[in-house]
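*Asks:* Sequence isn't available, so here's the structure alone:
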């Protein structure tokens, strides 16, 4: 499916999703502006700080760059945390899909 140049594939707004990390639920907030993912914020998590830092520094920018979770690899050493974030973002993006 081709998307026109005028906008992205998501409805503008702020969407939430929840996934399962290594140490419990991970909740995210995904902000969409002009049809594109502009921000991904972890609003609740119970993971180890170093794991979360790795996810925030590496995984989140990759999701924004690709405008999707498709093709985004889990962070080595933080696989379950990464999968939880990806799951949560996917749920938020389902709500944002046009």
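*Replies:* Noted; the coordinates are in hand. Everything quoted here is computed from the prediction, not taken from an experiment.

*Asks:* Okay, strands next: where are they in this protein?
*Replies:* Along the chain, counting by DSSP state E, strands occupy 13-21, 24-33, 36-44.

*Asks:* Put together TSV for those strands, with mean pLDDT, mean neighbour count and distance to residue 57 on each row.
*Replies:* All C-beta atoms are positioned from the backbone trio N, CA, C, and that covers glycine. What follows is the strands of the chain, written out as TSV (pLDDT from 0 to 100; neighbours: other Cβ atoms under 10 Å; distance: least, Cβ to Cβ, whole Å):
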stretch	mean pLDDT	mean neighbour count	distance to residue 57
strand 13-21	98	18	16
strand 24-33	98	19	15
strand 36-44	98	17	12
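
*Asks:* need those in CSV with distance to residue 74, can you?
*Replies:* Listed next are the strands of the chain as CSV, based on distance: least, Cβ to Cβ, whole Å:
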stretch, distance to residue 74
strand 13-21, 11
strand 24-33, 13
strand 36-44, 15
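
*Asks:* To residue 91, which of the ones you listed lies closest?
*Replies:* With Cβ to Cβ, the closest approach to residue 91 among these belongs to strand 13-21: 3.2 Å.

*Asks:* Okay, helices next: where are they in this structure?
*Replies:* With DSSP state H, the ranges of helices along the chain come out as 49-54, 60-66, 79-96.

*Asks:* on contacts alone, who are the packing partners of the first one?
*Replies:* Helices and strands touching helix 49-54, as assessed by 3 or more Cβ pairs under 8 Å, 6 or more residues apart in numbering; DSSP states H and E, comprise helix 79-96.

*Asks:* between the helix it packs on and strand 36-44, how many degrees?
*Replies:* Put simply, helix 79-96 runs at 130 degrees to strand 36-44, going by axes from the mean of the first three to the mean of the last three Cα atoms, to 10 degrees.

*Asks:* Quick one: mean pLDDT over helix 79-96.
*Replies:* For helix 79-96, mean pLDDT is 97.

*Asks:* Identify whichever of the strands of the chain lies nearest to residue 86.
*Replies:* When the strands of the chain are ranked by distance to residue 86, counting by Cβ to Cβ, first place goes to strand 13-21 at 6.9 Å.
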